[in-house]
Structure formats: structure tokens, C-alpha cells
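Engineer: Return atomic coordinates for the entry below.
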Amino acid sequence: GEARKAGEAPASGDAAVLLDPGSRRRIALALCPYLIVIAVFSTAKLLGPAKEFLARSDIAVPWPGLDGRILTAAGEVSATTVYTLPWLSSAGTLLLLSGVLVAALYRVRPAAAAREFAATVAKLRWALLTVAAVLGLSYVMNLSGQTLTIGSWIAGAGAALAFLSPVLGWLGTAVTGSDTSANALFATLQQAAGAKAGIDPTLLVAANTSGGVVGKMISPQNLTIAATAVGLLGRETVLFRATLGWSLLLLAVMCVLVHLQSGVLSGMLP
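Structural biologist: From the prediction side, this is the model:
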């Protein structure tokens with residue numbers, strides 16, 4: 001065909017073809033961190049030999065003064081007083097490894113990478129402290145029987161419990177910034193309340209997790225991370241106002257769905 005006239009805008013279908021090699025390289029480098037994270041986690045969690053190797057590195061730490069002295073409601077010695085330290089197999093270590101690989105790929109000097117890591121930890125220090133405190137609180141509540149007591153009381157809501165159960169996960173994650181923390185704090189409570197109210201405990205625990213997912217977008221910690229990543233530090237309120245409505249809408253949908261799954265749609269449950 002005729003040569004394209006100088007200055008003529010390319011057709012949209014030709015955009016990828018006309019990208020110069022430098023642009024293609026930049027796009028590839030931008031995608032590499034995500035591909036590296038996927039590769040590292042897939043290898044660690046799905047590949048049998050790698051998974052077993054990492055699991056063998058876990059360290060069991062009997063908690064001094066508590067191990068063997070805490071009994072369950074059935075009168076048996078609680079196994080939760082032995083802390084398993086997954087120093088090599090944890091998600092945090094795998095992410096750190098992914099970061100090291102990305103830094104090597106981008107040819108970032110080790111000193112610069114270390115400074116950036118330290119700066120990130122400093123920015124998230126209060127979020128880290130909050131998550132640690134909530135996890136500690138969850139252990140205290142679970143081992144002291146407080147969770148079961150509160151769960152028995154909440155079970156008095158009856159059928160309405162299924163509708164309200166995602167709200168607990170939503171609140172827990174919105175406050176702590178971590179779905180893991182919300183589950184540690186409320187999963188046992190949901191299980192106990194479901195068993196008392198005659199509702200499938202598995203459904204309520206799943207509802208707690210699902211509610212936590214939609215609460216993550218309005219968590220102050222996560223808003224700070226997002227604002228920092230895109231250079232909008234200090235404008236978290238703008239992000240909060242933009243996401244609050246969507247979070248409440250998704251929470252309402254989740255509440256209705258869980259309520260229906262506890263009754264007319266119970267066939268959906270495994």
C-alpha cells in the first residue's frame with residue numbers, strides 16, 4: 001500500500017505495531033513485577049517439592065508460661081499455644097524475595113533498595129502495629145472464652161444473623177486493614193454463633209471473609225498505601241469518599257446473598 005504520509009496519525013489497530021522497541025521494553029518491564037510475584041507464589045504454593053521444602057523450614061515455638069497450661073472447652077490441652085513461625089514459607093517472605101528479584105531485574109543498587117524498603121516500613125509502621133495488636137487480641141479472646149461467649153450472645157439474632165454476618169468482617173477489615181486480622185478476630189465468633197443459631201458455620205465464616213474483602217477498600221491503612229503508591233500522600237480522604245459508596249453497595253449485596261444462601265439458596269453451598 002501507499003506509504004503513510006508524514007505526520008498522519010496511525011490507525012488504532014496499528015498502535016501496537018508502531019510502538020518503538022523502547023516502548024515495548026518499558027511495557028514489558030512494567031508487567032514483570034506482577035509476573036514475578038505470580039511465578040514465585042505458584043512455585044512455592046503449587047509445586048510439591050518446593051512446598052514441602054518450605055514447610056520443613058517452619059519453626060514451632062511453644063509459648064513460655066502458656067504451653068500445656070491452657071485447656072479448651074472440652075477440657076483438653078489447647079494446641080494453639082504453640083506458635084508456628086513460617087519464616088521462609090510465609091507470604092511476606094515470598095513477597096520480599098519477589099522484591100529482590102524485581103530490584104535485580106531493574107538493576108537497582110542494593111543500598112537504594114534497602115533504603116526504599118526501610119522507608120516503606122516506616123510509612124506503614126502504624127498499620128503493622130495495628131495488625132499485630134489485633135492478632136494478639138484475637139488470641140486472648142479465643143483462649144479466654146470471650147469469643148465463644150460473644151458468639152453465643154450474637155446467636156440470639158436468629159435468622160437475621162446470616163444477613164448481618166458480612167458486616168462483622170467488613171468492620172474488622174475496615175479498622176485493621178487486614179482480612180487475616182478480621183478472620184482471626186471474628187471467624188471463631190461467627191462459627192460459634194452459627195452453630196448456636198442453627199446456621200451453617202462454614203457459610204458465616206465465608207461471609208466474614210467476603211465482607212472483609214469489600215471493607216478493605218475503605219481501610220485507612222490501605223488508603224494510605226494506595227495514596228503513597230501513586231504520589232497522593234495526604235489525600236486519602238479523596239480516595240475514601242470515592243470508594244465508600246461502592247463498599248457499602250457491595251456489602252449490601254453480600255448481606256442479601258448470604259441471607260438467601262442460608263435459606264432458599266442453600267443448595268449453592270457445598
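Engineer: and the helix or strand harbouring residue 245, what does it pack onto?
Structural biologist: Under the criterion of DSSP states H and E, residue 245 resides in helix 236-261. Contact here means 3 or more Cβ pairs under 8 Å, 6 or more residues apart in numbering; DSSP states H and E; on that basis helix 236-261 packs against helix 160-176, helix 201-215, helix 220-229. For the C-beta atoms, the positions are set from N, CA and C on the backbone; glycine is no exception.
Engineer: Specify the angle between the shortest one and helix 160-176 in degrees.
Structural biologist: If you take axes from the mean of the first three to the mean of the last three Cα atoms, to 10 degrees, helix 220-229 sits at 50 degrees to helix 160-176.
Engineer: Let me see the residues that make contact with helix 220-229.
Structural biologist: For helix 220-229, contacts defined as Cβ atoms under 8 Å, 6 or more residues apart in numbering pick out 123-124, 126-127, 130, 176-178, 216, 232-236, 239-240, 243.
Engineer: and residue 69, helix, strand or coil?
Structural biologist: coil (DSSP: H, G, I helix; E, B strand; the rest coil).
Engineer: okay, now residue 114: neighbour count?
Structural biologist: Residues lying near residue 114 (other Cβ atoms under 10 Å) number 12.
Engineer: Pull out the buried positions in the one helix or strand it maps to.
Structural biologist: According to DSSP H and E, residue 114 maps onto helix 110-123. Neighbour-count burial for helix 110-123 flags residue 113 (criterion: 16 or more other Cβ atoms under 10 Å).
Engineer: In the stretch 1-150 of the chain, where is pLDDT below threshold?
Structural biologist: By pLDDT under 70, the low-scoring segments of the stretch 1-150 of the chain are 1-22.
Engineer: a markdown table for the helices and strands packed on helix 236-261, including distance to residue 253 and mean neighbour count?
Structural biologist: Formatted as a markdown table, the helices and strands packed on helix 236-261 follow (distance: least, Cβ to Cβ, whole Å; neighbours: other Cβ atoms under 10 Å):
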| stretch | distance to residue 253 | mean neighbour count |
| --- | --- | --- |
| helix 160-176 | 9 | 23 |
| helix 201-215 | 9 | 23 |
| helix 220-229 | 20 | 17 |
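Engineer: Residue 89: which of those is closest?
Structural biologist: helix 201-215 (21.3 Å; Cβ to Cβ).
Engineer: how far does that closest one sit from the chain's center?
Structural biologist: 12 Å (Cα atoms, centre = their mean, to the nearest Å).
Engineer: what residues does that helix touch?
Structural biologist: Helix 201-215 is contacted by residues 161-162, 165-174, 179, 182-183, 186-187, 190-195, 247, 250-251, 254-255, 258, 261-262, 269 when judged by Cβ under 8 Å, 6+ apart.
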